[in-house]
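>>> Build me a model:
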Amino acid sequence: MKKILTIVALLFLGMVGVAQLRVYTAEYEICFRDDVTGLYSDCRYDTNFISGFVFNELKTSFEHSTYNNNLTSTYYIDSTINEVEQDVYYTASDQGNKYLFIFNYKEEEVVYIYPIDGSYSIATRIKIVN
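Here you go, the predicted structure:
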């Protein structure tokens, strides 16, 4: 019931305001890369995770809010690669850290990698795009 109410609230919030790209996600998997094998392992899952990405009108930055712990960070887009059903953003956070974000609309997931060299990755499921 709690998840349904949260999704309804996110839908309502997505309808209010100017025409901006908004992507809402749920659940995540965070994995750390093994330096020897180059593979991601030691993964943790959180099925209660809920977050939202809200791009500014010019798509030069976006805010990422995690609703479980009320944290919001701003990411400034350095460069973008737009492909069919996928957008890739090279970004710098408001703390100066470099991230790679992959919005894969076909697979319904957002993957973000930090640092750019890929020490760890987070994958989360896309629930709503508007």
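
>>> Helix, strand, or coil at the residue of the chain most remote from its centre?
Of all residues in the chain, Val36 has its C-alpha farthest from the mean position, at 27.4 Å, by CA atoms, centre = their mean. Under DSSP: H, G, I helix; E, B strand; the rest coil, Val36 falls in the coil class.

>>> any idea how far Tyr75 is from it?
30 Å (CB to CB, to the nearest Å). The C-beta positions use only the backbone N, C-alpha and C, and glycine is treated the same way.

>>> Quick check: which ranges of this structure have low pLDDT?
1-19 (pLDDT under 70).

>>> for it, longest strand please?
Longest strand of the chain, by residue count under DSSP state E: strand 40-55.

>>> in the chain, which spans are strands?
22-33, 40-55, 61-66, 71-83, 86-93, 98-104, 109-114, 120-129.

>>> Throw those strands into TSV and include mean neighbour count, thanks.
What follows is those, written out as TSV (neighbours: other CB atoms under 10 Å):
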stretch	mean neighbour count
strand 22-33	19
strand 40-55	16
strand 61-66	18
strand 71-83	13
strand 86-93	17
strand 98-104	19
strand 109-114	19
strand 120-129	18
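
>>> close enough to count as contact, Glu57 and Arg22?
No - using CB atoms under 8 Å, Glu57 is not in contact with Arg22, being 11.9 Å away.

>>> Run the chain-centre distance for stretch 27-35.
Distance of stretch 27-35 from the chain centroid (CA atoms, centre = their mean, to the nearest Å) equals 14 Å.

>>> Val54 touches Thr72, doesn't it?
No - contact criterion CB under 8 Å: Val54 and Thr72 do not qualify, at 9.4 Å.

>>> what is in contact with the two at once?
Common neighbours of Val54 and Thr72 (criterion: CB atoms under 8 Å, 6 or more residues apart in numbering): Glu63, Ser65.

>>> how near is the spatially most central residue of the chain to Ile126?
Centroid-nearest residue in the chain, with CA atoms, centre = their mean: Val110, separated by 4.9 Å. Counting by CB to CB, the gap between Val110 and Ile126 amounts to 6 Å.
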